[in-house]
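Undergrad: Here is the input, now give the coordinates:
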Amino acid sequence: MKLLLVSPQVECSVGQLLSGWGHEVRHAPGVEQVGALLQGVEGVLVVGTSNSVAEDMARLSTAEVRPRPFLLAVVPASAEQVPLDALLAAAVDDFLLMPFEPAQLQNRIEWLARRRKVGMQAPVEDPRSRDVHDRLSAIIQTQSEIANAGLELGKVMSLIAERAMRLCGASGTAVALAEGDELVYEVTHGNSMPHRGFRLKLSHSLTGMSILRGEVLHTRDTEDDPRVNVAATRATGIRSMIIVPLRRIGSTVGAINVSYPEPNAYDDLDVRTLEMMGRLLGAAMSNAAEFEAKQTLVDELATTLAALQQSQELFQSFMNHSPVLAFMKDSEGRRVWVNESCARFFQCDMESLRGRTDAELLPAMTAARLRREDKAVLSTGQPLQSEQVVPAPDGTPHYWLNHKFLLRDTNGRQLLGGVSIDITARKQAEKALRRSEESFRALIEGLPEAIFAHRGGRLLYINPAGLAFLDQRSVEDVAGMSLLELIHLDDRAEAATVLEGSLEKGPATTREVRFLRTRGPMMSAELSAMRLLFDGEPATVVSARNITERKQMQARLLLADRLASVGTLASGVAHEINNPLAFVLSNLGFLEEECQLLRSELPRDRLSEMEDVLRETKQGAERVRHIVRDLRTLSRDEGEQLSDVDVRGVIESSLGLVRHELRHRARLVKELEPVPVVRASEGRLGQVLLNLLINAAHAIPDGRPGDNEVRVRLRAIAGHVVIEVLDTGSGIPPEVRDRIFDPFFTTKPVGMGTGLGLSICHGIVTGMGGDITVESEVGRGSTFRITLPIPQAAPEDLDSEDAVSA
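TA: Coordinates of the predicted model:
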């Protein structure tokens with residue numbers, strides 16, 4: 001592989017590793033010297049400090065090189081902080097921290113090379129090697145070709161399947177249709193060709209699962225996916241695939257899938273592409289079915305009307321073979337002529353129907369209703385069209401579309417002519433369609449995502465989730481407003497690109513925006529839009545998904561990682577201090593013994609001074625030992641394992657860590673009563689107490705320790721151990737008191753706090769089965785109270801001597 005190494009060191013260890021693995025390595029001391037070296041390389045590795053790597057990557061990402069090589073940043077561990085935001089902005093494919101194991105570098109290069117190979121495996125003229133706009137253009141062209149292909153469904157399915165394989169860069173594609181509890185592969189291309197006509201149970205395959213659920217399914221690696229029949233995929237050489245269900249008139253009738261011989265061979269663009277192709281095929285199938293139904297009805301009507309214009313002989317011949325019921329009646333309602341279809345419906349021959357009225361053949365109410373229609377036509381001379389329910393002789397109801405009109409025979413006698421078309425199947429289809437529309441509306445109403453429909457910049461519809469999304473506004477409050485008015489001013493440009501893009505290109509790229517709310521903080525959401533018909537007219541339908549909690553979770557993970565690093569550092573520091581501290585304490589003991597031996601040889605005042613110095617030195621060393629012990633307690637990672645914890649000891653350890661912070665701010669008062677042990681995590685309980693003590697110190701201004709105090713109180717009440725941290729600080733205003741345990745809420749200046757401390761404390765205490773509350777008054781201070789349950793096995797009342805001993 002041809003690689004470019006950008007490093008100020010000529011003999012770079014990374015370059016030596018790459019050369020040793022057989023790669024062709026080009027070297028450049030800096031980005032300024034890259035020049036033509038970028039041409040033809042498959043990957044670029046940049047070694048430097050965190051800041052320089054981000055700047056170099058940003059300059060390389062803008063270089064006009066096609067095809068674009070992958071970019072790998074190698075950042076030394078000595079850097080203060082890895083600039084993740086800068087690397088992401090520079091479109092870096094991956095980064096690696098030094099020092100690292102050679103296998104880590106080799107795996108990353110192989111992975112990036114595989115991704116680059118998958119992205120370039122299509123020919124130059126294939127839309128997969130172009131950008132999203134080219135792919136959309138190809139899909140639009142496909143839609144035009146479908147229109148030219150007419151309503152021949154087999155031809156349309158083959159066209160879409162072949163085009164989907166090319167657009168997604170797949171090695172095979174297939175269209176499977178559901179028949180009962182089986183699926184049948186009707187169309188196949190590529191390496192899926194041998195499976196044409198193959199039948200499989202719906203419940204025995206991932207394709208059948210997609211049809212049954214009506215969901216888009218895909219698998220990155222069939223070897224690791226429990227939903228996949230591994231034996232079948234191994235036999236066909238499939239390692240990854242995408243499956244999109246095909247919907248026709250509200251129901252799932254099949255699926256289209258593409259497959260690849262390598263794992264992880266597709267990206268999100270391929271999934272969206274196949275979804276669009278699936279929609280095209282579903283629409284084509286719906287159009288074909290609808291056209292077939294309408295064409296049948298039109299043909300029947302046209303055939304009937306044409307037969308009336310023909311001669312008597314042709315009329316008789318045609319009407320006797322027509323599926324419609326045709327008849328002629330005299331002014332008294334007696335049948336003077338019927339066709340064979342009418343005779344078959346009444347289950348008798350044509351001759352026996354002549355001269356008979358509706359009252360003789362049908363129920364009384366039905367016959368009276370038909371007679372009233374007949375009289376209306378005879379009296380007005382105007383044709384009549386109606387829909388009636390007329391039961392068959394066996395009682396089965398049938399829906400009929402009746403056409404009645406006035407005729408005159410050669411003698412000038414008035415006759416009533418009519419034809420009846422059986423529309424029972426159409427009525428059933430209309431009912432099914434109405435049920436489908438009601439189900440679809442119920443689906444939209446029940447979706448957890450906010451759905452907005454607007455036309456001409458004005459809102460037309462909001463689902464219940466959208467009302468809750470906007471902080472429970474009523475529909476009347478937002479009707480007629482522009483959706484952009486509900487979005488933060490700084491994000492309206494991003495939102496406008498999504499909405500305007502949907503007018504021309506179909507589904508637009510998802511964007512993150514902030515929604516304004518009448519109460520509470522702003523809400524972050526993913527916004528996407530598409531153009532479709534709403535109430536029969538074109539409109540833009542917008543979907544908004546709340547991602548506030550997800551973003552908060554990401555911030556928590558970053559903070560947890562930082563706290564883990566601090567804990568690891570504290571544990572290492574404590575370990576490193578303990579070793580020399582042991583020598584110091586041992587030598588101090590030896591010096592004390594030596595001073596006792598020299599008591600008779602030195603002056604008394606001189607010896608007393610040396611003993612005082614040794615005593616003070618030993619006290620200082622013991623103080624260092626206690627601080628190290630407290631650091632080890634705080635940094636101990638106990639996970640979720642709970643044990644019997646001496647709360648008093650944890651308090652003493654935490655106080656030892658914050659004495660310096662409190663010294664210049666307030667007096668420390670301890671009221672620690674004997675209490676039973678509790679089931680808790682010692683390290684995490686210490687983390688909570690340390691956070692509360694530091695917050696108490698920060699609530700008191702520096703410089704007046706005599707006027708303020710921080711009081712720590714420990715006692716047992718009603719089967720619980722209660723820990724209270726009281727301060728005489730500034731207090732918490734009532735309007736923010738209920739929100740202090742919310743993630744990311746802080747009253748400290750920008751840069752002074754993350755707003756996660758009390759939220760994490762709340763999670764730790766509740767995770768141990770306890771509770772944490774606050775009482776505060778502005779100008780008089782605050783009281784934080786932690787309540788932990790006493791284990792059932794522990795005695796409820798301990799006498800003072802046992803508690804002190806424990």
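
Undergrad: can you pull the contacts of Gln596?
TA: If you count contacts by C-beta atoms under 8 Å, 6 or more residues apart in numbering, Gln596 has none. The C-beta positions use only the backbone N, C-alpha and C, and glycine is treated the same way.

Undergrad: so how far is Glu611 from it?
TA: As for Gln596, its distance to Glu611 is 9 Å (criterion: C-beta to C-beta, to the nearest Å).

Undergrad: Ok, Pro383 next?
TA: 129 Å.

Undergrad: Looking at these two, which one has more neighbours?
TA: Glu611 (15 against 12; other C-beta atoms under 10 Å).

Undergrad: Next SSE downstream of the helix or strand hosting that one?
TA: Element membership for Glu611 (DSSP states H and E) is helix 604-635. Next helix or strand after helix 604-635 toward the C-terminus (DSSP H and E): strand 643-645.

Undergrad: pLDDT of the helix or strand that comes right after that next one, averaged?
TA: The helix or strand immediately downstream of strand 643-645 is helix 647-663, counting by DSSP H and E. If you average the pLDDT over helix 647-663, you get 84.

Undergrad: In the stretch 651-800 of the chain, what residue spans correspond to strands?
TA: 667-672, 678-680, 709-717, 720-727, 771-777, 781-789 (DSSP state E, counting those that start in this stretch).

Undergrad: deepest of those strands, which one?
TA: Using mean count of other C-beta atoms under 10 Å, the stretch among the strands of the stretch 651-800 of the chain with the largest mean neighbour count is strand 678-680, at a mean of 23.

Undergrad: Can you work out which other helices and strands pack against it?
TA: strand 643-645, strand 781-789 (3 or more C-beta pairs under 8 Å, 6 or more residues apart in numbering; DSSP states H and E).

Undergrad: returning to that earlier point: what mean pLDDT does the helix holding Glu611 have?
TA: 70.

Undergrad: same deal with stretch 525-536?
TA: Mean predicted confidence for stretch 525-536 is 76.

Undergrad: Show me the helices in the stretch 401-550 of the chain, by range?
TA: In the stretch 401-550 of the chain, the helices defined using DSSP state H, counting those that start in this stretch lie at 424-446, 464-469, 475-478, 492-505, 548-597.

Undergrad: right, so these: which one is the most enclosed?
TA: helix 464-469 (a mean of 18).

Undergrad: That helix packs against which elements?
TA: Applying 3+ C-beta pairs under 8 Å, 6+ apart, one finds that helix 464-469 contacts strand 450-455, strand 537-546.

Undergrad: The first one to helix 424-446, inter-axis angle?
TA: On the basis of axes from the mean of the first three to the mean of the last three C-alpha atoms, to 10 degrees, strand 450-455 is oriented at 120 degrees to helix 424-446.

Undergrad: which other residues reach strand 450-455?
TA: Contacts of strand 450-455 (C-beta under 8 Å, 6+ apart): 444, 459-463, 465-466, 468-470, 482-483, 525, 534, 537-546.

Undergrad: Give me the buried subset of the residues you listed.
TA: Applying 16 or more other C-beta atoms under 10 Å to the contacts of strand 450-455, the neighbour count classes 444, 459-463, 465-466, 469-470, 483, 525, 539-546 as buried.

Undergrad: quick revisit: using JSON lines, please lay out the helices and strands packed on strand 678-680 together with distance to Val584.
TA: Output for the helices and strands packed on strand 678-680, formatted as JSON lines (distance: least, C-beta to C-beta, whole Å):
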{"stretch": "strand 643-645", "distance to Val584": "31"}
{"stretch": "strand 781-789", "distance to Val584": "37"}
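
Undergrad: of all these, which lies closest to Asp181?
TA: Ranking those by distance to Asp181, with C-beta to C-beta as the measure, places strand 781-789 first at 54.4 Å.

Undergrad: Dump the closest one to PDB, keeping only the CA atoms.
TA: Provided in PDB are the C-alpha atoms of strand 781-789 (Å, rounded to 0.1, in the frame of the first residue of the first chain):
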ATOM      1  CA  GLY A 781     -27.100  28.900  54.100                       C
ATOM      2  CA  SER A 782     -28.100  25.500  53.000                       C
ATOM      3  CA  THR A 783     -28.500  22.000  54.400                       C
ATOM      4  CA  PHE A 784     -27.900  18.900  52.200                       C
ATOM      5  CA  ARG A 785     -29.300  15.700  53.800                       C
ATOM      6  CA  ILE A 786     -28.300  12.100  52.800                       C
ATOM      7  CA  THR A 787     -30.500   9.300  54.100                       C
ATOM      8  CA  LEU A 788     -29.200   5.700  53.800                       C
ATOM      9  CA  PRO A 789     -31.100   2.600  55.000                       C
END
